[in-house]
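S.K.: sequence first, predicted model second:
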Amino acid sequence: MNRTTTRRWLSSFCVVVVLGLCAALVTCKPDPVFGIRPGTVFVAARDSFFTPDTIHVGFHLPVRWTNEGAVIHTVVSDSGLFGSGSLTPAAWYEIRFDSVGTFPYHCSIHSGMIGTVVVDPPPP
């Protein structure tokens with residue numbers, strides 16, 4: 001290979017790499033696990049209560065509980081349908097509701113902490 005061919009090859013290679021990186025940046029989207037999905041309903045777990053204690057959420061939409069207290073809490077369905085495990089302060093738990101209905105829940109550590117999720121049917 002002579003110098004001219006090598007330079008052209010190297011220039012072409014660099015252009016392809018730069019275009020590939022640009023395409024990747026344009027098409028990559030953040031993972032929704034870490035982002036807040038549109039329609040998310042938020043509940044705070046404080047040191048003796050959930051707020052709001054009753055929420056309405058649309059069908060197929062998520063609810064995110066965030067521990068805003070100073071102690072560990074849990075979010076556990078009364079029917080055993082879902083459970084967060086231990087949530088340290090500032091930790092959160094999110095679940096998407098794919099069934100219409102009323103879902104009471106509680107903190108398994110603090111007996112007075114109760115709440116209800118009401119999942120509304122999708123619009124006709």
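M.R.: Right, received. Where do you want to start?
S.K.: could I get the full set of strands for the protein?
M.R.: 41-45, 50-51, 54-58, 62-67, 76-77, 92-96, 101-106, 114-120 (DSSP state E).
S.K.: export those to JSON lines and tack on mean pLDDT and distance to residue 86?
M.R.: C-betas here are computed from N, CA, C, even on glycine. As requested, the strands of the chain are exported to JSON lines (pLDDT from 0 to 100; distance: least, Cβ to Cβ, whole Å):
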{"stretch": "strand 41-45", "mean pLDDT": "97", "distance to residue 86": "11"}
{"stretch": "strand 50-51", "mean pLDDT": "98", "distance to residue 86": "16"}
{"stretch": "strand 54-58", "mean pLDDT": "97", "distance to residue 86": "22"}
{"stretch": "strand 62-67", "mean pLDDT": "97", "distance to residue 86": "9"}
{"stretch": "strand 76-77", "mean pLDDT": "97", "distance to residue 86": "11"}
{"stretch": "strand 92-96", "mean pLDDT": "96", "distance to residue 86": "10"}
{"stretch": "strand 101-106", "mean pLDDT": "98", "distance to residue 86": "14"}
{"stretch": "strand 114-120", "mean pLDDT": "97", "distance to residue 86": "17"}
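S.K.: would you list the ones you listed in TSV and tack on distance to residue 35 and mean neighbour count?
M.R.: Converted to TSV, those look like this (distance: least, Cβ to Cβ, whole Å; neighbours: other Cβ atoms under 10 Å):
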stretch	distance to residue 35	mean neighbour count
strand 41-45	14	19
strand 50-51	23	16
strand 54-58	18	15
strand 62-67	11	20
strand 76-77	25	16
strand 92-96	11	17
strand 101-106	24	16
strand 114-120	21	17
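S.K.: how about JSON lines for these, with distance to residue 85 added?
M.R.: Formatted as JSON lines, the strands of the chain follow (distance: least, Cβ to Cβ, whole Å):
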{"stretch": "strand 41-45", "distance to residue 85": "13"}
{"stretch": "strand 50-51", "distance to residue 85": "17"}
{"stretch": "strand 54-58", "distance to residue 85": "21"}
{"stretch": "strand 62-67", "distance to residue 85": "12"}
{"stretch": "strand 76-77", "distance to residue 85": "9"}
{"stretch": "strand 92-96", "distance to residue 85": "8"}
{"stretch": "strand 101-106", "distance to residue 85": "14"}
{"stretch": "strand 114-120", "distance to residue 85": "17"}
